[in-house]
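Chemist: Got a predicted structure here, sequence first:
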Amino acid sequence: MGEVLSQNEIDSLLQALSTGELDVEEMKSAPEKSVKNYDFKRPAKFSKEHLRTLEIIFEHYGRLLSTNLPVYLRKTVQVSVASSETVTFSEFTNALSNPVVLGIINFAPMAGDIILELSTNIGFAILDRMLGGAGKPLEKNREFSEIELSILDKIMVTCMQLLREPWKNVVDLDPFMERIETNAQFAQIIAPNEMIAIVTLNIKIGDVEGYMNACLPYITLEDIMDKLNTKFWFSTMQNASGENYAEYISSMIKRTEIPVKAVLGKSVVSVMDFAGLQVGDVIRLDSRVDDEMEVYVGNIKKFTALPGTSKDNYAVRITSVVREEE
């Protein structure tokens, strides 16, 4: 119902029309306010602010994938956020191909699951690379074998574990992989009409380009929706990047695992002698029993040590530290 004008307002309006201050034609040609239809079957539960924050989270996630996947694939991996949108779960599942790689992830401590979808060509490229190939996809897609699914499961678990750090500013996650599905009909984690946010990551492994979709249901993220805004995100980042930032980096570095090896000695034998080695044979090394051994951290000589035992295990006792200038 329109606003009712008082008598004084009516008199002022008539006077303005009579004096020419208001033009009737201009009033008729004034642009009307645009009205946007609201679909109650698809409520807008994710705002643009929510989607932007999810993009920031998955940009961080993409950088982690770019640095961690090459360890397994021995090939350059480039990951970037392509887009984000909100759709119903049925629209997401209907658009999936068959077969498809779907990782069903329990998003603990959140009450619900999410889905990581890996495009088929990227899946076969990863398999080809893991099995010693050049990392090329198949010319014609087919069903995955049990062995191939086992390999993909390990890669998807690695991708799942990398979710913890990007989400740390919002919630401390403890996710676990429930199962891998290759048919969308067996991945009905929520009702078909429920709203979800989809963040699409573009993945390039060598010359092969594909995508990974993160399907994030609203009912899974409902408890933390208030934290999915850039104001909260950047304020949390600012607090984390203060005095404790150096300690945080130091603690991360200290948890890094690196190989350490102690070289007892070296020897050169012929292939014939090597092929004929039996239990109890003795190989003569180029070092004496009381000589110091060289201890390598990675491929860098870092210590000298003497061999020995600790309880029932072989051990070495560090005798000196090899400085960089040495």
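Modeler: Nice, thanks for sending it over.
Chemist: quick one: residue 203 and residue 65 touch, right?
Modeler: Yes - using CB atoms under 8 Å, residue 203 is in contact with residue 65, at 7.4 Å. (Each C-beta comes from the backbone N, C-alpha and C, glycine too.)
Chemist: Of the two, which one has the most company?
Modeler: residue 203 (24 against 19; other CB atoms under 10 Å).
Chemist: any idea which element the more buried one lies in?
Modeler: Under the criterion of DSSP states H and E, residue 203 resides in strand 195-205.
Chemist: which helices and strands does that strand pack with?
Modeler: Counting contacts by 3 or more CB pairs under 8 Å, 6 or more residues apart in numbering; DSSP states H and E, strand 195-205 is packed against helix 48-73, strand 77-88, helix 89-94, helix 120-130, strand 208-217, helix 218-221.
Chemist: What distance do you get for the residue most central in space within the chain to residue 91?
Modeler: The centre of the chain sits closest to residue 61, judged by CA atoms, centre = their mean, with a distance of 3.8 Å. Separation of residue 61 from residue 91 (CB to CB, to the nearest Å): 23 Å.
Chemist: Quick check: buried residues in the strand holding residue 203?
Modeler: Across strand 195-205, burial judged by 16 or more other CB atoms under 10 Å covers 195, 196, 197, 198, 199, 200, 201, 203, 204, 205.
Chemist: ok, now stretch 99-111?
Modeler: Neighbour count says stretch 99-111 has 99, 100, 101, 102, 103, 104, 105, 106, 107, 110 buried, by 16+ other CB under 10 Å.
Chemist: Any chance you could list what contacts it?
Modeler: The contact list for stretch 99-111, computed with CB atoms under 8 Å, 6 or more residues apart in numbering, reads 96, 113-120, 123, 141-144, 152, 156, 159-160, 163, 171-184, 187, 189, 219-221, 223-224.
Chemist: how about a cut-off of 7 Å?
Modeler: Outside stretch 99-111, the residues that touch it by CB atoms under 7 Å, 6 or more residues apart in numbering are 113-118, 120, 123, 141, 143-144, 152, 156, 160, 173-184, 187, 189, 220-221, 223.
Chemist: mind checking which helix or strand residue 117 is in?
Modeler: Element membership for residue 117 (DSSP H and E) is strand 113-118.
Chemist: In its sheet, which strands sit next to that strand, and in what direction?
Modeler: The strands beside strand 113-118 in its sheet (DSSP bridges) come out as strand 101-106 (antiparallel), strand 208-217 (antiparallel).
Chemist: CA-only coordinates of it in PDB, if you can.
Modeler: What follows is strand 113-118, C-alpha atoms only, in PDB (Å, rounded to 0.1, in the frame of the first residue of the first chain):
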ATOM      1  CA  ASP A 113      30.100 -34.300   4.800                       C
ATOM      2  CA  ILE A 114      31.600 -32.500   1.800                       C
ATOM      3  CA  ILE A 115      32.700 -33.900  -1.600                       C
ATOM      4  CA  LEU A 116      35.900 -33.400  -3.500                       C
ATOM      5  CA  GLU A 117      35.300 -34.200  -7.200                       C
ATOM      6  CA  LEU A 118      38.300 -34.900  -9.400                       C
END
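Chemist: relative orientation of it and strand 195-205 in degrees?
Modeler: For strand 113-118 against strand 195-205, the angle by axes from the mean of the first three to the mean of the last three CA atoms, to 10 degrees is 30 degrees.
Chemist: residues making contact with strand 113-118?
Modeler: So strand 113-118 is contacted by 96, 100-107, 156, 159-160, 178, 187, 189, 212-217, 220 (CB under 7 Å, 6+ apart).
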